[in-house]
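J.: Let's see this in three dimensions:
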Amino acid sequence: MELHELQNFVEGQHHFEIRVIGSSTSRFYQVELEDMEGGRHSLCRSGKPVLFRSLEDVYLELKRAGIHQAYLVQQVAEDELVGRSTHYLAPLASRTPLAF
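T.: Numbering: from 1, shown residues only. Here you go, the predicted model:
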């Protein structure tokens, strides 16, 4: 989903979840949106995923789109290396609520 499409999506949808995904091996953050049908959309610019250098940058971009809450999710690279599926999708304990 392109950055400019995010605001239009938010205005038309009421049931969605925003995830700010951080990696334990990187200092960058990526934003993912999950709609009520279960479709997952990464935030993109010109067709490429947008990487943010800080949570403050994420907050500013999401606030511009009218979003005031999200979940911070820490992705563990070791899970992927040993063949475990990503665990941040299901358990609520692995997500930290963010409000801005």
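J.: Can you report how many residues lie near the nearest residue to residue 15 once chain neighbours are set aside?
T.: Excluding its sequence neighbours, the residue lying closest to residue 15 (CB to CB, 6 or more residues apart in numbering) is residue 36, at 4.0 Å. Placement of C-beta: from N, CA and C, glycine included. For residue 36, the count of nearby residues is 10 (other CB atoms under 10 Å).
J.: cool, the one 3 residues further on as well?
T.: By the measure other CB under 10 Å, the count of residues near residue 39 is 10.
J.: and it, what are its phi and psi?
T.: phi -70, psi 130 (degrees, to the nearest 10).
J.: Look at it and report its pLDDT.
T.: According to the prediction, residue 39 has pLDDT 87.
J.: Look up how far residue 1 lies from it.
T.: Here residue 39 is placed at a distance of 10 Å from residue 1 (CB to CB, to the nearest Å).
J.: swap in residue 63?
T.: With distances taken as CB to CB, residue 63 is found 17 Å from residue 1.
J.: same thing with residue 52?
T.: 15 Å.
J.: For these two, indicate the residue with more neighbours.
T.: residue 52 (20 against 17).
J.: so residue 1 touches residue 44, yeah?
T.: Yes. Counting by CB atoms under 8 Å, residue 44 is a contact partner of residue 1 at 6.4 Å.
J.: need the next SSE after the worst-scoring helix or strand of the chain on mean pLDDT, C-terminal direction.
T.: Ranked by mean pLDDT, DSSP states H and E, the weakest helix or strand in the chain is helix 77-81, scoring a mean of 60. Reading on from helix 77-81 to the C-terminus, the next helix or strand found by DSSP states H and E is strand 95-99.
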